[in-house]
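Trainee: Sequence and predicted structure below; questions after.
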Amino acid sequence: MTIRPAIPADTPAIAHIHVTSWRETYAGLMPDDFLDRMTNEETQRRREGGWERTISQKLETVLVAEQDGVMVAFGSAGPARDHPGYEAELMTLYALKSAQGRGLGRALFTEIVQQLRADGFQNLALWVLDANPTREWYLRQGGREAGEKTEGELREMRIVWDTLPG
């Protein structure tokens, strides 16, 4: 397994993992019509553009994980957007289902946290869908629940680390 900073040329693979992971993870957890809109071809193209901009303009730390030379996961973090009292936010952490269960997520999360620490951040927060099994995974990584928000039918939980783990 190799974890490295993303480059603009990675954006098609990142967008593919992003929408594929949504399909694999959120089927049955989100309304079908919403999930279809968030994972269709047009959305994947928009995600490519967004990831290219994020990476080329260094708006967030974006790391990718490869197994046998194939990208199978990615994660991103940057300044917190709507987490009062928290400096950094984990924006994304997605792995293809075929790559899960091998410690890849933990390794990617650890690398992101190390980069955040190197960039001077002290703490971390994220939003996770309340029904997402990953919610428990974040708690096992030392996070704690600290609030929630509801948008339409979707309920998200805030997970926080008062000091960066590790």
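Mentor: Structure received. On a predicted model such as this, the values are computed, not experimentally measured, just so you know. Numbers count the residues shown, from 1 in each chain.
Trainee: now residue 160: how far from residue 100?
Mentor: Distance of residue 160 to residue 100, computed by C-beta to C-beta, to the nearest Å: 24 Å. C-beta: built from backbone N, CA, C; applies to glycine.
Trainee: With residue 144 instead?
Mentor: From residue 144 across to residue 100, the span is 23 Å (C-beta to C-beta).
Trainee: Comparing the two, which residue is more hemmed in?
Mentor: residue 100 (17 against 11; other C-beta atoms under 10 Å).
Trainee: Give me the longest strand you can find in this protein.
Mentor: The strand that spans the most residues within the chain, counting by DSSP state E, is strand 70-79.
Trainee: And it, what does it pack against?
Mentor: Secondary-structure packing of strand 70-79 (3 or more C-beta pairs under 8 Å, 6 or more residues apart in numbering; DSSP states H and E): helix 11-26, strand 61-67, strand 88-95, helix 104-118.
Trainee: Adding mean neighbour count, mean pLDDT and distance to residue 148, write the ones you listed out as a markdown table.
Mentor: A markdown table is the format used below for the helices and strands packed on strand 70-79 (neighbours: other C-beta atoms under 10 Å; pLDDT from 0 to 100; distance: least, C-beta to C-beta, whole Å):
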| stretch | mean neighbour count | mean pLDDT | distance to residue 148 |
| --- | --- | --- | --- |
| helix 11-26 | 19 | 87 | 18 |
| strand 61-67 | 21 | 96 | 26 |
| strand 88-95 | 22 | 96 | 16 |
| helix 104-118 | 18 | 96 | 22 |
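Trainee: Tabulate the ones you listed (CSV), appending distance to residue 135.
Mentor: Output for the helices and strands packed on strand 70-79, formatted as CSV (distance: least, C-beta to C-beta, whole Å):
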stretch, distance to residue 135
helix 11-26, 11
strand 61-67, 21
strand 88-95, 12
helix 104-118, 13
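Trainee: Go through the ones you listed and name the closest to residue 128.
Mentor: Residue 128 lies closest to strand 88-95 among the helices and strands packed on strand 70-79, at 9.2 Å (C-beta to C-beta).
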